[in-house]
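Asker: Provide a 3D model corresponding to the input given below.
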Amino acid sequence: MQKVKILHCADLHLGSEMMTLPKKSKERRGELLRTFRKITDLCREEAVEIFLIAGDLFEGSNVDLETVQSVKSYLGALSCPVFISPGNHDYISLDSPYLEDGWPENVKIFKGAMERVVLEDKNVAVYGAGFTSTYQRKSMLHFEEVDPTRLNLLCIHGDVVSPGQKSDYHAMSVEELSRSGMDYVALGHIHKREDIGRAGDTFYAYPGCPEGRGFDELGSKGVYLGELYKGHHALRYVEVCQRQYIRLTIDVTGLVRELEVEHKIKDTLAEAYGKDYEKHIYQISLTGTRKEEELLPIKTIERTLSESLYHLDLSDDRMVERDYELLREEVSLRGLYVRNLLSLLEEAKEKGDEVLLATYEKALEYGMTSFEGQVNIIED
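Answerer: Down below sits the predicted model:
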């Protein structure tokens with residue numbers, strides 16, 4: 001049975017400033033490169049036959065020379081062919097690292113319009129194209145005649161869009177993919193991993209970025225690895241990230257002591273993320289309810305936990321238990337505010353409008369904390 005083993009990754013953005021964590025920016029840049037080395041090690045360990053990099057390997061053309069040299073070294077140590085399709089960040093430009101000398105012979109960089117490379121020994125054809133500017137508004141899906149007896153792979157950066165939808169970053173429709181004659185389309189550009197899709201006889205996927213760079217890139221990050229066949233695949237997701245960005249809420253209702261809260265947070269993280277939980281990057285919101293006098297030294301707790309956690313942003317978002325029926329009777333601006341909000345809440349409940357209900361509940365809480373001089377309404 002005809003098959004080929006591939007590894008598909010995209011969107012490493014090597015050379016990124018990593019400014020989410022300014023004090024650890026240099027360290028995180030190094031970890032990003034180590035993640036790429038881990039991917040190349042995986043290629044060797046798994047005897048990968050074709051390595052596909054679907055764009056934005058680099059953050060831009062100004063990536064430092066040392067990083068570029070490391071990439072060349074890692075790729076040159078592989079026995080398999082490597083295909084790179086530049087994206088909107090690392091597009092082909094006059095100062096592009098892709099135009100430098102010294103790229104290993106096993107590396108093919110697609111530098112513009114669609115090209116085809118035939119691997120006769122594997123009966124595989126690899127197609128690819130590369131961005132030549134930040135924006136790619138015209139389709140690059142122009143194939144010469146596709147041989148259906150081969151396994152046909154496409155490595156490309158861009159947006160898979162709905163009918164009628166447009167994108168500045170190489171829009172591709174599912175219908176176009178289904179007509180392409182490809183057996184697999186290795187996509188890049190979307191940083192959140194998506195399940196492997198199917199358009200006619202064509203499989204396609206976004207593996208997401210292999211290493212998160214901020215709290216907009218949450219959770220496990222990795223690559224797709226496995227065998228491709230005519231008409232089916234055995235690809236699997238493999239985690240490769242050094243650390244995860246994690247955002248979560250922890251209910252601490254009833255906990256009033258500093259040590260209790262610290263233990264609750266540690267126990268929750270250990271249960272959810274295992275023995276290596278300390279290596280991750282956390283944004284934690286403490287939720288639940290509290291009495292007005294039950295304040296917590298949030299910054300102290302954050303500093304204490306940060307001695308063992310790689311990074312922690314901690315916030316106290318507990319709701320204060322209040323007797324609103326008593327407050328509404330006050331002859332004061334606060335009493336007037338409570339009366340108006342409770343009236344709006346009652347109307348929203350009668351209408352069954354959950355969105356309005358949630359909005360008014362937040363408005364009531366923010367208003368009360370404002371009266372108490374504690375308001376902070378900035379949210380992501």
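Asker: CA atoms for contacts and neighbours, from now on please.
Answerer: Noted.
Asker: From G76, how far off is the residue nearest to K72 when sequence neighbours are not counted?
Answerer: Closest residue to K72 apart from its sequence neighbours, by Cα to Cα, 6 or more residues apart in numbering: W103 at 5.9 Å. For W103, the distance to G76 (Cα to Cα, to the nearest Å) stands at 8 Å.
Asker: and if you look at D11?
Answerer: In terms of Cα to Cα, D11 sits 20 Å off from G76.
Asker: between those two, who's got more neighbours?
Answerer: D11 (28 against 19; other Cα atoms under 10 Å).
Asker: got the contact list for the more buried one?
Answerer: A54, G55, D56, L57, F58, G188, H189, H191, G208, C209, P210 (Cα atoms under 8 Å, 6 or more residues apart in numbering).
Asker: Secondary structure element for it, which one?
Answerer: Applying DSSP states H and E as the criterion places D11 outside every helix and strand.
Asker: Looking at per-residue confidence, what score does it get?
Answerer: Per-residue pLDDT puts D11 at 99.
Asker: repeat for I281
Answerer: Looking at I281, its pLDDT is 98.
Asker: From the contacts of D11, which land in helices?
Answerer: Assignment to helices by DSSP state H places none of the contacts of D11 there.
Asker: which ones among the residues you listed are found in strands?
Answerer: Mapping the contacts of D11 onto strands (DSSP state E) picks out G188.
Asker: which one of the contacts of D11 is nearest A348?
Answerer: H191 (38.0 Å; Cα to Cα).
Asker: sec struct for the nearest residue to E262 once chain neighbours are set aside, please.
Answerer: In this structure, E262 finds its nearest non-sequential neighbour in I301, 6.6 Å apart by Cα to Cα, 6+ apart. Going by DSSP: H, G, I helix; E, B strand; the rest coil, the secondary structure assigned to I301 is helix.
Asker: circling back: neighbours of the residue nearest to K72, how many?
Answerer: Neighbour tally, W103, other Cα under 10 Å: 19.
Asker: Kindly report the same for Y98.
Answerer: Quick note: Y98 (other Cα under 10 Å) scores 22 neighbours.
Asker: Verify the stated contact: it with K108.
Answerer: No - Y98 is beyond contact range of K108, at 10.0 Å (criterion: Cα atoms under 8 Å).
Asker: Tally up the residues packed near the residue nearest to E262, please.
Answerer: I301: 16 neighbours (other Cα under 10 Å).
Asker: sorry, back to before: want to throw the contacts of D11 into a markdown table with pLDDT?
Answerer: Shown next, in a markdown table, are these (pLDDT from 0 to 100):
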| residue | pLDDT |
| --- | --- |
| A54 | 99 |
| G55 | 96 |
| D56 | 98 |
| L57 | 99 |
| F58 | 98 |
| G188 | 98 |
| H189 | 98 |
| H191 | 98 |
| G208 | 98 |
| C209 | 99 |
| P210 | 99 |
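Asker: Distance to Y360 and neighbour count added to the contacts of D11, as TSV?
Answerer: Shown next, in TSV, are the contacts of D11 (distance: Cα to Cα, whole Å; neighbours: other Cα atoms under 10 Å):
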residue	distance to Y360	neighbour count
A54	46	31
G55	45	31
D56	43	25
L57	46	25
F58	45	27
G188	41	31
H189	38	24
H191	34	20
G208	37	25
C209	38	27
P210	40	27
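Asker: S285: which of the contacts of D11 is nearest?
Answerer: Closest to S285, out of all of the contacts of D11 and judged by Cα to Cα, is H191, at 24.4 Å.
Asker: tell me the contacts of the closest one?
Answerer: D11, Y206, P207, G208, C209, E217.
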